[in-house]
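Visitor: sequence first, predicted model second:
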Amino acid sequence: LGQPIPPPPPNVPELPADESRMELSLPEMLARHRQVSQCAQCHEKFDAMGLSFEAYGPVGELRTQDMAGRPIADAVRFPDQTQGVGVDGLQWYLKIQREGDFVRQLTSKLLAYALGRNLMLSDEPFIEEVIQGLDAHDHSIQWLVEQIITSSQFQNRRGDSQVTWSPAL
């Protein structure tokens, strides 16, 4: 969501690779980890986002128990202290509390990916224009992609002399 997260301190232990061998559930392990103040200041920003997906297993299958047989715990407290449950709770949080941040990041990251480069200050007016247009177009991803591929930034990319693009149907 555009928040800078510093790298972890060098002495942070890794989470076990195998969830079935963990003595505590992932939410419990992360709660314990957040008790360390130097860890909490970062983890409070993003743990709830990840834990919202606990009802999905390692390959995306829906599940009711973790790999150790413990019931899934996907009730979370977001950074602003609101609470949610699962992906529906995360969607609510993003829509109500962080929509602007989400839309800006989606637009910026998609543009950077399409251009194959980091964004520059000169891209900012286009990003602002697209963000305002997304409101008027009901946040349509199709409209967003269309704006990017018809933009002067995309149409005039450097180093693409060998690349030709035509819509394939």
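Guide: Noted; the coordinates are in hand.
Visitor: contacts for the longest helix anywhere in the chain?
Guide: Ranked by number of residues, the top helix in the chain under DSSP state H is helix 99-115. The contact list for helix 99-115, computed with C-beta atoms under 8 Å, 6 or more residues apart in numbering, reads 1-2, 94, 118-119, 123, 126-127, 130-131, 134, 139, 144-145, 148-149, 151, 153-154, 157. In short, each C-beta sits where N, CA and C put it, glycine included.
Visitor: in the helix or strand Glu28 falls within, what counts as buried?
Guide: Secondary structure assigned from DSSP states H and E places Glu28 in helix 26-33. Neighbour counts over helix 26-33 (16 or more other C-beta atoms under 10 Å) mark Leu26, Pro27, Leu30, Ala31 as buried.
Visitor: pull up the gap between the last one and Phe102, please.
Guide: In this case it means Ala31. Ala31 sits 25 Å away from Phe102, taking C-beta to C-beta, to the nearest Å as the criterion.
Visitor: check the first one too.
Guide: Note on Leu26: its distance to Phe102, by C-beta to C-beta, is 24 Å.
Visitor: check Gly89 too.
Guide: Where Phe102 is concerned, Gly89 sits at a distance of 15 Å (C-beta to C-beta).
Visitor: circling back to that earlier point, next one: the longest helix of the chain to chain centre, how far?
Guide: 11 Å (C-alpha atoms, centre = their mean, to the nearest Å).
Visitor: buried stuff in it?
Guide: Across helix 99-115, burial judged by 16+ other C-beta under 10 Å covers Phe102, Val103, Arg104, Leu106, Thr107, Ser108, Leu110, Leu111, Leu115.
Visitor: list just the nearest of the buried residues of helix 26-33 to Cys39.
Guide: Nearest to Cys39 among the buried residues of helix 26-33, counting by C-beta to C-beta, is Leu30 at 9.4 Å.
Visitor: okay, now Arg98: neighbour count?
Guide: Applying other C-beta atoms under 10 Å, we find 20 residues neighbouring Arg98.
Visitor: which residues touch the nearest residue to it once chain neighbours are set aside?
Guide: The shortest distance from Arg98 to any residue that is not its chain neighbour, by C-beta to C-beta, 6 or more residues apart in numbering, is 5.7 Å, and that residue is Leu1. Contacts for Leu1 (C-beta under 8 Å, 6+ apart) come out as Arg98, Asp101, Phe102, Gln105.
Visitor: okay, now the unreliable bits of this protein?
Guide: Along the chain, the parts satisfying pLDDT under 70 run over 159-169.
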